[in-house]
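> please find the sequence and the predicted model below.
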Amino acid sequence: MGGFSELIKNFDKTRDYVREFFIYGFKVRGDFDGKSARTYDNEKRRVESWLGDYLHYGTSERGKQVAITVDSSRIATNPLYRAYASCSFTDNDIRLHFLLLDLLSDGQTHSIRSLTEGLADAYGAVFEEQTVRGKLREYAAMGILIAEKNGKTIGYRLTSETPHSLFGRFEGLADAVKFFSCLPEFGFVGHTLLQAAGMKNDCFLMKHNYIVHTLEDVILRQLTDAIAEQQLVCLSYIGKKKIPLEITGVPLKIHVSARTGRRYLILYDPHYHRLTSYRADFIRSIKTCGRCENYGEYAAMLRRNEDKCFGVSFGNRREGADCCKFHMTIRADKEREPYILERLHREKRSGTVECTGDGLYTFTADVFDPNELMHWVKTYIGRIVSIEGASEETSRFVQDIERMQAMYNGRGEEDAAVQ
Amino acid sequence: MPLFSEVYGAYFRTVERILQSESITKREIDAIIREEAFRDSFLFLPQKLSPDSHESWGFLKSETDGNLSRITKNPPPQFVTTLQKRWLKSKLEDPKMRLFLSDNAHEQLEHALADVAPLCPADAFHCFDVYADGDCYESEDYRTAFRMLLHAVQGDEILRIRFVSGKGTEQEGNFLPLKLEYSRKNDKFRVFCCRIGRNGISGYGTINLGRIKGISQTGRHLRSEGLLEKWQKSRRCKEPVTVEVSAERNGIERFLMEFASFEKHTEWDAERNVCMVRLWYDTQDETELLIQLLGFGPVVEILGPPDFRRQAAERVAAQYALLDGFHEESKNL
């Protein structure tokens, strides 16, 4: 395994492996299509090095399987943040980091030349001025240093803000960072602040915590920047069918499911003139293709249509096409089972709930894609009196219940056959 | 302004901690590597830190007493990057931030971060399936209770709490808060706590913060170390739920994604193209799990434990009986 490094240049390949180990857990070496045994071994070793405590090994008839298994409602910190701590660097990067910061610790402004000379004089570290300039510029862009122009020369000084000074100045902020660092969508950034201050989350646990999606945050960063800058983007996308696609469009929003943790990019597709959603975990890379002049128009189109989207599907329709009026009636005893009605009310999203009979309650919603509701509908199994407005979905629901009846109670197959 | 940068990496953190001390022993260096870096870092980092190695980064030099001293004059300085500031600024827009910060502190922090843009536009993310009856973070009473509980968690302090239970009855007692739990799906906080009786701990429970009617300090403290883990262990199911997931309708991926937050064991039966999954769960969440599994319809079959399967079978039978009421047209399509 010569040349192995536990640090990596980019996230793409590793993201796939961590995801496969975490989500599936049953895959064996041969299941990693198109990857050499060496690649598999290196990636597995890397994940073992980062997340050793959470890895479990098993053997099946198909071979040795590796799984990352963790009850994420009981952990204080997302262990997958460790993958973010594995960015590779050169020897010069780390030398310049600690030596330059040491020279700049005095809080004074230094010119590039004086810093280059200081490196040689104080530590015997000889660097070309151009190399030092590059690192100083990089750190100024990151906000670690502040660049100040004095006549024709640029000087650099260290930012005065530290995590400790921030946490000291604003009472309660450290606890807030502990909390928000546990949440998805860039929680890792909060985690770096805590680490820098030598703190850990010791107060909060997260229920319904889908930690694996943190691996998409690198992609989400680019997407949210493109949204903020109203840029047209070109996505490299590999969907369920594993066919690589190039998709160009206007990124408008990220839809997130709290139930599954999945994130979807809502994109205006100028070719088909419609809104479409793409899973963030299937996006491989993003290129920006210039500012979109009509961004406001497409954002308004999303606002007009969003309430008819039960989750992420805008159907196969262009704007203005009909959507379906979906009704589901359930039975519940208001006195004895108030929690059922409470559930219906809190889960109805853009729909409405009304009492339509003795112990009968009807949920109604205008939706583009009734199929998107069916998973949720089935969580009311045992109470559903009728479904209307979506004949295809209703038919499938009936068939599903018949199959489930056969599965659990051994009846229904004959009935289904008679029909 | 990358998220994935060596500046936030484990190796930089390790070196930063090592350079905190003017003089350090090899044993102390090993301990820092163990705490900050990865399992295999012992194969890579020591030669980078050793002054005698040709691969050395040159940060340390050998002393006559066998210790190592840093070549830098000062401990590595701390800094807050623009990425971190932008992240903080985006969190200022979250109503939950005011649970932690007073209005005054919120305003001051906003002022301090005036020169940076939020990490993403406020409306860039839309969580479409969050429950509608989330906690009221604007309520002053709620904020007071939250802060009191948070301080009690950190200080092992016993509080007097009056609240409405899940069954609708009002209860009051002394409680030792152990941890606060947040669910994004429910958009609610709850607190895990021990009930304190005359003779010490008399039980464990969960209180929803939205149901707290009164809260006050008692001035009494009790060590909470290990209590939450003990309680969690007692709530863990005796036997995992075993399910068979078919590949139909992309069931395996959908299922495993949705249940990714559970401790689980999976095995794929290639011959039948099904996945056998064992899920360990919190017994308090049994009904929620049952509902979640039924949502997958015939793609998922609950195989056991027998009582869990029986509950699913009862709900399915009840639904099967209701099919007669469905429109014939939809039934026969």
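Sure, I can see it. The model shown is predicted, which means the values in this text are computed figures rather than measured ones.

> ok, now how distant is the closest residue to A:Ile112 other than its chain neighbours from chain B?
Distance criterion C-beta to C-beta, 6 or more residues apart in numbering or on different chains; nearest residue to A:Ile112, sequence neighbours excluded, is A:Arg133 at 5.1 Å. In this view, the C-beta of every residue, glycine as well, is placed from N, C-alpha and C. If you measure A:Arg133 against chain B using C-beta to the nearest C-beta, to the nearest Å, the figure is 18 Å.

> now A:Ile340
For A:Ile340, the distance to chain B - C-beta to the nearest C-beta - is 11 Å.

> now do the phi/psi pair for that residue.
phi -70, psi -40 (degrees, to the nearest 10).

> tally of neighbours for the residue nearest to it when sequence neighbours are not counted?
Ranked by C-beta to C-beta, 6+ apart and with sequence neighbours excluded, the top spatial neighbour of A:Ile340 is A:Ala332, at 3.9 Å. A:Ala332 has 20 neighbours, counted by other C-beta atoms under 10 Å in any protein chain shown.

> just the C-alpha atoms of stretch B:97-104, please, in PDB.
Presented in PDB, the C-alpha positions along stretch B:97-104 are these (Å, rounded to 0.1, in the frame of the first residue of the first chain):
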ATOM      1  CA  MET B  97     -30.500  32.100  18.000                       C
ATOM      2  CA  ARG B  98     -32.500  34.300  20.300                       C
ATOM      3  CA  LEU B  99     -32.800  31.400  22.700                       C
ATOM      4  CA  PHE B 100     -29.100  31.900  23.400                       C
ATOM      5  CA  LEU B 101     -28.500  35.600  22.900                       C
ATOM      6  CA  SER B 102     -30.300  38.400  24.600                       C
ATOM      7  CA  ASP B 103     -31.800  41.000  22.200                       C
ATOM      8  CA  ASN B 104     -29.000  43.300  23.100                       C
END
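
> list the buried ones in it?
Of the residues in stretch B:97-104, B:Met97, B:Arg98, B:Leu99, B:Phe100, B:Leu101 count as buried by neighbour count, 16 or more other C-beta atoms under 10 Å in any protein chain shown.

> gap between the stretch of helix or strand the third one belongs to and the chain center?
Using DSSP states H and E, B:Leu99 maps to helix B:97-100. The chain centre lies 18 Å from the centre of helix B:97-100; the measure is C-alpha atoms, centre = their mean, to the nearest Å.

> and the closest residue to chain A within chain B, what's its pLDDT?
Nearest residue of chain B to chain A (C-beta to the nearest C-beta) works out as B:Thr82 at 3.1 Å. The per-residue pLDDT reported for B:Thr82 equals 97.

> show me the contacts for it.
Contacts for B:Thr82 (C-beta atoms under 8 Å, 6 or more residues apart in numbering or on different chains) come out as A:Ala141, A:Met142, A:Gly143, B:Met1, B:Val116.

> residues near A:Glu335, how many?
The burial count for A:Glu335: 7, using other C-beta under 10 Å.

> how about A:Thr352?
Using other C-beta under 10 Å: A:Thr352 sits among 11 other residues.

> tell me the bridge partners for it.
A:Thr364 (DSSP bridges).

> just checking, it touches A:Asp366?
No. Counting by C-beta atoms under 8 Å, A:Asp366 is not a contact partner of A:Thr352; they are 9.9 Å apart.

> is the nearest residue to A:Ala140 once chain neighbours are set aside in a bridge, and if so with what?
Distances taken as C-beta to C-beta, 6+ apart place A:Ala147 nearest to A:Ala140, at 4.3 Å, with adjacent residues excluded. Beta-bridge partners for A:Ala147, by DSSP bridges, are A:Tyr156.

> tell me the contacts of A:Ala147?
Contacts of A:Ala147 by C-beta under 8 Å, 6+ apart are A:Leu136, A:Arg137, A:Ala140, A:Ile154, A:Gly155, A:Tyr156.

> could you dump those residues into JSON lines with neighbour count and pLDDT added?
Listed next are these as JSON lines, based on neighbours: other C-beta atoms under 10 Å in any protein chain shown; pLDDT from 0 to 100:
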{"residue": "A:Leu136", "neighbour count": "24", "pLDDT": "98"}
{"residue": "A:Arg137", "neighbour count": "15", "pLDDT": "97"}
{"residue": "A:Ala140", "neighbour count": "18", "pLDDT": "97"}
{"residue": "A:Ile154", "neighbour count": "16", "pLDDT": "93"}
{"residue": "A:Gly155", "neighbour count": "18", "pLDDT": "96"}
{"residue": "A:Tyr156", "neighbour count": "26", "pLDDT": "98"}
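
> farthest-separated two in the residues you listed?
Greatest spatial distance among the contacts of A:Ala147 (C-beta to C-beta): A:Arg137 and A:Gly155, at 12.7 Å.

> can you pull out the strands in the stretch 101-250 of chain B?
Here the stretch 101-250 of chain B has its strands, by DSSP state E, counting those that start in this stretch, at B:125-127, B:157-164, B:170-183, B:188-197, B:200-208, B:212-221, B:241-246.

> pull out the buried positions in the host helix or strand of A:Glu342.
Applying DSSP H and E as the criterion places A:Glu342 in helix A:338-347. Buried residues in helix A:338-347, counted by 16+ other C-beta under 10 Å: A:Ile340, A:Leu341, A:Arg343, A:Leu344, A:His345, A:Glu347.

> adding distance to A:Arg82 and pLDDT, write the residues you listed out as JSON lines.
Listed next are the buried residues of helix A:338-347 as JSON lines, based on distance: C-beta to C-beta, whole Å; pLDDT from 0 to 100:
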{"residue": "A:Ile340", "distance to A:Arg82": "42", "pLDDT": "95"}
{"residue": "A:Leu341", "distance to A:Arg82": "44", "pLDDT": "95"}
{"residue": "A:Arg343", "distance to A:Arg82": "37", "pLDDT": "95"}
{"residue": "A:Leu344", "distance to A:Arg82": "41", "pLDDT": "96"}
{"residue": "A:His345", "distance to A:Arg82": "41", "pLDDT": "96"}
{"residue": "A:Glu347", "distance to A:Arg82": "35", "pLDDT": "96"}
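
> on that earlier part again, how many other residues sit next to the residue nearest to A:Ile112?
Considering only other C-beta under 10 Å, A:Arg133 is surrounded by 17 other residues.

> and the strands in the stretch 151-300 of chain A?
Going by DSSP E, counting those that start in this stretch, the stretch 151-300 of chain A shows strands at A:153-158, A:204-207, A:231-238, A:244-256, A:263-269, A:274-279, A:283-291.

> next to chain A in this structure, residues from the stretch 101-250 of chain B, please.
By C-beta under 8 Å from any C-beta of the partner chain, the residues of the stretch 101-250 of chain B that approach chain A are B:101-102, B:105, B:108-109, B:112, B:117, B:119-121, B:123-133, B:147, B:150, B:153-154, B:179-186, B:192, B:232, B:250.

> ok, what's across the strand from A:Lys287?
Beta-bridge pairing of A:Lys287 under DSSP bridges involves A:Cys234.
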